[in-house]
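# Predicted model, plus sequence, below.
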Amino acid sequence: MSIKTYTIRSAMSPFSTSAPVCDALCCQVIYSPFGLAIHQNDHQARLRFVEWAQNEIAVVPDFHKRILFSDEAHFWLNGYVNKQNCRIWSEDNPQVYVKTPLHPEKLTVWCALWAGGIIGPYLLKNDEGHNVTVNGDRYRVMITNFFIPELNNHDIQELWFQQDGETCHTARATIDLLKDTFGDRLISRFGPVNWPRRSCYLTPLDYFLWGYVKSLVYADKPQTLDHLEDNICRVIADIWPQMLEKVIENWTSRLDYIRASRGSHMPEIIFKM
């Protein structure tokens, strides 16, 4: 994303200024990944995916219940939350940034969600047990040592796997590893079925899981990463199966909306129980 000016214009910040001030020792300016430019190619790719998914559902009515949707999210100890309703859509290149602490304490959490339950959470750590963010090597370690063994509890021949197009997900070695496990039942950039870019409102983790979990894990104001980790594991473990069923049924309604709008983005990220 090429950004040429320094203008705060965000749902998270009710002010706008051309000369933002930041304490140099305590924070840095980063560009929000939620300032997303809209491209016509996005609409076309999204519409193709929706048509494909609805055709699959027409043949196999519970097809949408067989998809493992996956994603990572950051959980900041200071409670900083990128809320879904702070996404900013524009036909032009959005110029958005937010302030975060220079050396924030955070956990990076991966989950896979489907109608049958949640696999995870998996917290990204290095060999020394320190919390780290995701990269290609760590992602493959997670798939090999955690995700694939967890799948032994399920009928792998019936399940599809979805991931977004982040670079850490789509290295050739990673795609080959996932193809070895899922064959043609892989929904991903560079996979047998293409996942359309900038389609956060089509992943149940974005439109439900992360927001739901973050709304609860900070209730007792955790002061350590261990406390935050315990809260994350507890909240995810307590999610009822009936709730996940509604989340996945909501996914089919989103397909209907996007098809009717010819691949357009959804103007609001809303999930109703």
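Everything's here; your move.
# mind listing the strands in the stretch 151-273 of the chain by residue range?
Secondary structure of the stretch 151-273 of the chain, counting by DSSP state E, counting those that start in this stretch: strands at 160-162, 186-187.
# Can you name every helix or strand that the longest one contacts?
The one in question is strand 160-162. Contacting strand 160-162 under the criterion 3 or more Cβ pairs under 8 Å, 6 or more residues apart in numbering; DSSP states H and E are the following elements: strand 67-76, helix 172-182, strand 186-187. Quick note: C-beta positions are derived from backbone N, CA and C, even for glycine.
# now what about the longest one, what contacts it?
So that's helix 172-182. Applying Cβ atoms under 8 Å, 6 or more residues apart in numbering, the contact partners of helix 172-182 are 136, 139-140, 143-144, 148, 151, 156, 159-161, 163, 168, 186, 188, 190-192.
# Which of the residues you listed fall within helices?
Within the contacts of helix 172-182, residues falling in helices by DSSP state H are 136, 139-140, 148.
# List buried members of those residues by neighbour count.
Neighbour-count burial (16 or more other Cβ atoms under 10 Å) is assigned, among the ones in helices among the contacts of helix 172-182, to 136, 139-140.
# Save these as JSON lines, and put in pLDDT too.
Listed next are those as JSON lines, based on pLDDT from 0 to 100:
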{"residue": "136", "pLDDT": "93"}
{"residue": "139", "pLDDT": "96"}
{"residue": "140", "pLDDT": "96"}
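# Tell me the one among the residues you listed nearest to residue 66.
Nearest to residue 66 among those is residue 139, at 22.7 Å by Cβ to Cβ.
# about what we covered before: export the strands of the stretch 151-273 of the chain to a markdown table and tack on distance to residue 178, mean pLDDT and mean neighbour count?
Shown next, in a markdown table, are these (distance: least, Cβ to Cβ, whole Å; pLDDT from 0 to 100; neighbours: other Cβ atoms under 10 Å):
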| stretch | distance to residue 178 | mean pLDDT | mean neighbour count |
| --- | --- | --- | --- |
| strand 160-162 | 6 | 97 | 22 |
| strand 186-187 | 5 | 97 | 22 |
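# These into TSV, with extra columns for distance to residue 51?
TSV is the format used below for those (distance: least, Cβ to Cβ, whole Å):
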stretch	distance to residue 51
strand 160-162	16
strand 186-187	14
